[in-house]
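Asks: got a sequence here, can you model it:
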Amino acid sequence: MNLHRIFGLTLSDLFLGTIYRVELEMDLSIQQQYVDVVIIEQTKGEPVTKFPDGLENLGPHNLLTYKSLHQPLDGWALDELVGHYVNYRKQTSAKQGKKKLLPENDFRLYAVCTRKPRKLAAQVELHALKEGVYEVAWGIQSIRIIVLNQVPQVERNAIWQMFSNLSEGVQFGARHYPWRQPDHSSIVNDLYKRYHVEVPPMPYSWNDYYVERALEQKDKVLARLPVEERLKGLRAEERLKGLRAEEIEAYLKKLRKRKHKK
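Replies: Numbering: from 1, shown residues only. Sure, this is the predicted structure:
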């Protein structure tokens, strides 16, 4: 399972039923350039009373890039995030029928990373807002940086702890994060497996996750069954699919010889 998808799905659980909705791998161009997560304010839903550190200033539209342990948060990553913001602001304004762009203050930019971006910190000043939360001026944009293995290990940060790459942090997060839908908690197991799957052309969703999980379980069950059990119920053409004619003929000859001997 791709860690970016697990991260996005977990954030979607955090805001489930609130005034924000979360969209994953949103396509922002004809060439399918994806921004990791977009958190969008809605007119319906419960207000959010407790935010994980760094997300207290959410606006109507919030674009978030995520970098796991071995992915550097560098200048190019911030350039990409700003580029996604430009595309998203244009598209969203057009969809709402606005002749002018939506106000700049409607948008927030976030960069979430597992470890502190030391190379970036050597190039530009990271202004510390609180433990593990920084702000950087990037061009005329302000980007909030959230460092997951630095935020305090407290209940409000349980969701961040699950992605901190610290064993005690992952365990703390798994114990203290209050899943809105209990069946979603099985996603914690996949944090240890780190499956790598091809990015689909459509935005990734919980339904996609459930399908993948079901297929994996089905494959495991089938692998334990004898060949005869796996083939039971299949039509003759389905059983023979993929075999060459000469292979079928050779097998039939063997059967005839066995029958003749009996």
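Asks: pLDDT score assigned to residue 19?
Replies: Residue 19 is assigned a predicted lDDT (pLDDT) of 94.
Asks: and for residue 192?
Replies: Per-residue pLDDT puts residue 192 at 54.
Asks: and for the one 10 residues further on?
Replies: With respect to pLDDT, residue 202 has a value of 47.
Asks: show the contacting residues for the nearest residue to residue 141 once chain neighbours are set aside.
Replies: Nearest residue to residue 141, sequence neighbours excluded (Cβ to Cβ, 6 or more residues apart in numbering): residue 82, at 5.6 Å. All C-beta spots, glycine's among them, are computed from the backbone N, C-alpha and C. By Cβ atoms under 8 Å, 6 or more residues apart in numbering, the contact set of residue 82 is 109, 138-139, 141, 143.
Asks: where do the strands of the protein begin and end?
Replies: 20-27, 34-41, 61-67, 107-113, 127-130, 133-138, 141-147 (DSSP state E).
Asks: what's the fifth one packed up against?
Replies: For strand 127-130, the helices and strands in contact under the criterion 3 or more Cβ pairs under 8 Å, 6 or more residues apart in numbering; DSSP states H and E are strand 133-138.
Asks: so the strand it packs on versus strand 107-113, what angle?
Replies: Interaxial angle, strand 133-138 versus strand 107-113 (axes from the mean of the first three to the mean of the last three Cα atoms, to 10 degrees): 120 degrees.
Asks: what sits up against strand 133-138?
Replies: The contact list for strand 133-138 (Cβ under 8 Å, 6+ apart) reads 53-54, 78, 82, 120, 124-129, 142-147, 151.
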